[in-house]
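> I'd like to go over a predicted model; first the sequence, then the structure.
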Amino acid sequence: MARAETFLTVQISQRTLVSLIARRQLTAEQLRGLSPSTRRTLRRILLESLREQPSSGV
C-alpha cells in the first residue's frame with residue numbers, strides 16, 4: 001500500500017529561492033504557496049527564472 005506524501009512548512013529567503021531555482025536545484029513542481037500572496041510571489045520568481053540566462057561563453 002502506498003503511503004501518503006507528507007509536506008513540511010518552511011521559510012526561505014527569496015534570494016536563496018531564486019538561487020536554488022537558477023542552479024536547477026529546486027523545481028516548480030516542488031513548491032506550494034499556502035497563501036495568495038505567496039503563490040503570486042512564487043509565480044513571479046518562477047517566470048523570471050525562465051528568462052534567458054546570460055551565456056557562460058561555452
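Now that the structure is in, tell me what you want to look at.
> Helices along the chain, start to end?
For the chain, applying DSSP state H gives helices covering 14-22, 36-49.
> which one of these lies closest to Q30?
Distance to Q30, taken as CB to CB, is lowest for helix 14-22 among these, at 9.5 Å. Heads up, the C-betas are built off the backbone N, CA and C, glycines and all.
> Average pLDDT for stretch 25-37, rounded please.
Here stretch 25-37 scores 90 as its mean pLDDT.
> how long is that stretch end to end?
Start to finish, the residues bounding stretch 25-37 are 23 Å apart (CA to CA, to the nearest Å).
> Okay, buried residues for that stretch please.
Neighbour-count burial for stretch 25-37 flags 26, 31 (criterion: 16 or more other CB atoms under 10 Å).
> okay, and for this protein, where does confidence drop off?
For the chain, the stretches with pLDDT under 70 are 1, 52-58.
> just to revisit the earlier point, quick check: which of the helices of the chain is nearest to E5?
Counting by CB to CB, and looking across all of those, nearest comes helix 36-49 at 19.0 Å.
> L31 is in contact with L42, correct?
Yes. The criterion here is CB atoms under 8 Å, and L42 meets it with L31 at 5.6 Å.
> so how far is I21 from T9?
As judged by CB to CB, to the nearest Å, T9 and I21 stand 19 Å apart.
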